[in-house]
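Asks: Need the 3D shape of this:
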Amino acid sequence: MRKVPLAAVADVIRGVSFSKEEGDTIQSDGKLPVIRAGSIQDSLLLNEGQIWVPREKIKAHQKIRRDDIVMCTSSGSSDLVGKCAKSEVDFEGSFGAFCAGIRPIESKVSASYLYHFLSSPGFRNWTRSSSGANIKNIRISELAEFEIPLPPLTEQKRIAAILDKADAIRRKRQQAIQLADEFLRSVFLDMFGDPVTNPKGFPIGTIRDLVESANYGSSAKASEAGGDYPILRMGNITYEGAIDMTDLKYIDLTDKEKPKYLAVKGDLLFNRTNSKELVGKTAVYDRDDPVAIAGYLIRVRTNEKANSHYISGYLNSAHGKATLQNMCKSIVGMANINAQEMQDIPIIIPPVSLQNRYRDIVVSTKEKLAAHQAALNANNELFNALSQKSFSGKLS
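Replies: Predicted structure coming up:
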């Protein structure tokens with residue numbers, strides 16, 4: 001199959017640069033919204049995580065158009081760099097300097113075909129090896145020169161139609177899981193009230209009041225080849241507050257290291273270092289077999305006043321996410337919330353009996369979702385295999 005540089009079939013557009021003083025989280029006259037890497041999810045979330053900048057900072061060609069593909073090009077997480085989403089609408093706004101826009105030339109490439117290629121395992125393997133020790137980067141010049149497989153336009157559209165259908169099946173599974181997440185957020189608000197106003201009048205303390213221990217993970221180098229334990233890294237905690245056991249590496253631990261670096265069922269895991277949109281991701285480890293945790297994670301064990309599911313629910317609530325964002329709003333580049341800062345976060349402290357009722361609902365709901373998650377994992381594997389065939393010329 002013929003290959004051409006990306007720039008031969010699409011315009012590659014730099015993101016909008018602006019100073020800290022020029023950006024504002026509040027809309028005002030004369031300003032337009034800029035989205036950031038956190039808005040790049042399974043779809044492009046144009047109305048979330050916006051920074052408002054002076055209108056003149058955004059050039060006409062930088063405004064997002066329908067079928068534009070927005071890609072994260074710089075992050076502390078190699079899993080985030082290269083992640084992209086396609087816009088379904090024209091948008092009177094743009095994307096920040098840590099992102100790039102890819103605008104397909106309609107006469108040369110199908111937008112859907114190009115999006116699927118840029119989301120494929122082959123391309124993402126390249127982006128994960130992007131340069132940088134701490135901050136991972138894809139240079140615009142590298143992206144423009146990257147060669148993509150380019151069959152005739154009719155074949156591109158056929159491949160895109162097949163992948164669109166397969167992707168729709170995956171998304172239905174994902175939607176079922178997302179509905180469960182929304183249900184649990186509603187349960188949290190019903191049982192504990194809005195943390196902002198504390199309508200139930202619970203005592204207010206800090207997370208420190210609920211913690212028995214908080215330990216950092218291991219900084220030792222992990223291996224894909226194997227080891228005694230899988231090791232969870234920041235990419236293994238989702239933004240929504242779940243454990244993702246895909247893309248694992250492995251590590252050996254001595255008997256002395258095991259108590260420090262192993263997480264067991266019920267432990268709270270907190271992502272202390274990441275981009276400022278993702279720092280503070282929190283989940284409860286819910287598997288039977290212990291796993292190791294990497295240095296960018298904090299393992300939290302609660303005392304008799306709390307359970308980990310309640311703290312996770314709190315930090316994953318809208319109020320919790322806003323609190324974490326505000327802790328990092330002045331940060332440029334990688335953000336960090338250390339163990340002491342995490343424990344200083346204010347939190348309402350309901351009776352532990354009520355927290356335990358919430359935990360039971362969470363565990364029951366997630367057990368029922370296990371079949372959906374297993375089916376989604378299988379769908380993902382099948383989709384990736386189909387994608388690989390599509391871009392190697394082997395799709396019949």
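
Asks: would you list every one of the helices in the protein?
Replies: Using DSSP state H, the helices found in the chain span residues 111-118, 121-128, 140-145, 153-192, 258-261, 308-315, 318-327, 339-343, 352-390.

Asks: Report the mean per-residue pLDDT for the third one.
Replies: The one in question is helix 140-145. When pLDDT is averaged along helix 140-145, the result is 95.

Asks: any idea how far that helix is from the chain center?
Replies: The chain centre lies 24 Å from the centre of helix 140-145; the measure is C-alpha atoms, centre = their mean, to the nearest Å.

Asks: Just the CA coordinates for it, please, in PDB.
Replies: Provided in PDB are the C-alpha atoms of helix 140-145 (Å, rounded to 0.1, in the frame of the first residue of the first chain):
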ATOM      1  CA  ILE A 140       4.800  19.300  14.700                       C
ATOM      2  CA  SER A 141       7.500  18.600  12.100                       C
ATOM      3  CA  GLU A 142       7.700  15.000  13.000                       C
ATOM      4  CA  LEU A 143       3.900  14.600  12.900                       C
ATOM      5  CA  ALA A 144       3.700  16.300   9.500                       C
ATOM      6  CA  GLU A 145       6.400  14.000   8.100                       C
END
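
Asks: So which elements touch that helix?
Replies: Counting contacts by 3 or more C-beta pairs under 8 Å, 6 or more residues apart in numbering; DSSP states H and E, helix 140-145 is packed against strand 10-14, strand 99-104. Where you see a C-beta, it was placed from the backbone N, CA and C, and this is true even at glycine.

Asks: Check which residues of it are buried.
Replies: Residues of helix 140-145 classed as buried by neighbour count (16 or more other C-beta atoms under 10 Å): 143-144.

Asks: what does it rub up against?
Replies: For helix 140-145, contacts defined as C-beta atoms under 8 Å, 6 or more residues apart in numbering pick out 5-7, 12, 14, 71, 73, 100, 102.

Asks: Let's see that with 7 Å instead.
Replies: Applying C-beta atoms under 7 Å, 6 or more residues apart in numbering, the external contacts of helix 140-145 come out as 5-7, 12, 14, 100.

Asks: which residues touch the nearest residue to Asp344 once chain neighbours are set aside?
Replies: Spatial nearest neighbour of Asp344, excluding adjacent residues (C-beta to C-beta, 6 or more residues apart in numbering): Thr206 at 5.5 Å. Counting by C-beta under 7 Å, 6+ apart, Thr206 touches 343-347.

Asks: for Ser213, same thing?
Replies: Shown in contact with Ser213 (C-beta under 7 Å, 6+ apart): Arg301.

Asks: Could you check how far it is from Ala339?
Replies: Per C-beta to C-beta, to the nearest Å, Ser213 is found 10 Å from Ala339.

Asks: low-scoring pLDDT stretches of the stretch 1-150 of the chain, where are they?
Replies: For the stretch 1-150 of the chain, the stretches with pLDDT under 70 are 130-135.

Asks: what about 50?
Replies: Within the stretch 1-150 of the chain, no stretch has pLDDT under 50.

Asks: quick revisit: which among the contacts of Thr206 end up buried?
Replies: Buried among the contacts of Thr206 by 16+ other C-beta under 10 Å: 343, 345, 347.
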